[in-house]
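Chemist: Show me the folded form of this:
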Amino acid sequence: MTARETRVSAATNQGGFHCGACHDGKATWRGKPIFPACSGDRAKPDDEGRCIRCHTRGDAAQRKKDFLAFAEGLPRKGAAGDLDWEEAESTGRIRPADHVEGVSIPRKPLKMDKDVTLQSSGWMTDVLFSHKKHAVWNGCEVCHPDIYPSQKGAARRNMLQISSGESCGACHGKVAFALSDCERCHVKPVR
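Modeler: Coordinates of the predicted model:
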């Protein structure tokens, strides 16, 4: 997640959105209240301790060590040797959760598991977009309707937009595999 790109703020948390949907000081987990999200008032002494629960850089070397220990043995793919989260999921090495019991609300999954061909303009091969693969990780509501309107033909994308963080670039290159790994998406022959 890139700083200041999520639109999460103290105000949205206080309004019951984002982290504040659960972190409101009223919801409970295993019989204990879940600590409230930031109030935005740094003058309150109790906020100081609360802030660092989420807003901490911590020990960068330790975070890296912890991640490398977690990622050891997970499959890798592409020229950069990035983690292949899709393969890790399909082989059962990791299991993405749709919700956390007692914290988030389970939602009925939307049914859209077909692959869609997205035509490329120019020399690059067409993209084969898999709703099924993306829904395992995100659910439909992450992209629809905010990133992609649900009306057929409404979504327009190009690599310039994607590399600027729009469309697929909302995740790819940040929390999903890098845009430089072209063959992960561009797999269908050009017509």
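Chemist: From now on I want contacts and neighbour counts done on CA atoms only, so please keep to that.
Modeler: Fine.
Chemist: What residues sit buried inside the longest helix seen in the chain?
Modeler: Ranked by residue count and defined by DSSP state H, the top helix of the chain is helix 60-71. Neighbour-count burial for helix 60-71, counted by 16 or more other C-alpha atoms under 10 Å, picks out no residue.
Chemist: before we move on, what about stretch 13-27?
Modeler: 13-14, 17-24, 27.
Chemist: Next, give phi and psi for H172.
Modeler: Per-residue torsions, H172: phi -70, psi 130 (degrees, to the nearest 10).
Chemist: which intervals of the protein have sub-threshold pLDDT?
Modeler: Applying pLDDT under 70 to the chain flags the ranges 1-4, 39-53, 56-58, 98-111, 138, 150-156, 189-191.
Chemist: Now do the helices in it.
Modeler: Per DSSP H, the chain carries helices over the ranges 10-14, 45-54, 60-71, 85-90, 131-137, 159-163.
Chemist: What is the nearest of the buried residues of stretch 13-27 to E72?
Modeler: Compare each of the buried residues of stretch 13-27 with E72 using C-alpha to C-alpha and the shortest gap goes to C19, at 29.9 Å.
Chemist: what does the domain assignment say about this protein?
Modeler: Taking automatic domain parsing as the domain assignment, the record places the domains of the chain at 10-54, 109-188.
Chemist: Minimum distance to R76: which of those has it?
Modeler: For those, the distance to R76 is smallest for domain 109-188, at 10.7 Å, taking C-alpha to C-alpha.
Chemist: Figure out how far that closest one is from the centre of its chain.
Modeler: A distance of 13 Å separates the centroid of the chain from that of domain 109-188, by C-alpha atoms, centre = their mean, to the nearest Å.
Chemist: and stretch 74-87, which residues are buried?
Modeler: In stretch 74-87, counting by 16+ other C-alpha under 10 Å, buried: 75-76, 83, 85-86.
Chemist: could the residues you listed be laid out in JSON lines, adding distance to G173?
Modeler: Output for these, formatted as JSON lines (distance: C-alpha to C-alpha, whole Å):
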{"residue": "P75", "distance to G173": "18"}
{"residue": "R76", "distance to G173": "16"}
{"residue": "L83", "distance to G173": "13"}
{"residue": "W85", "distance to G173": "14"}
{"residue": "E86", "distance to G173": "15"}
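Chemist: Greatest separation within those residues: which pair is it?
Modeler: Among these, the pair separated by the greatest distance (C-alpha to C-alpha) is R76 and E86, at 9.9 Å.
Chemist: Without its sequence neighbours, what residue ends up closest to A21?
Modeler: The spatial neighbour of A21 that comes closest, neighbours along the chain excluded (C-alpha to C-alpha, 6 or more residues apart in numbering), is N13 at 7.1 Å.
Chemist: How much space separates that neighbour from G20?
Modeler: According to C-alpha to C-alpha, to the nearest Å, N13 stands 4 Å off from G20.
Chemist: Since that was my last question, I'll sign off now.
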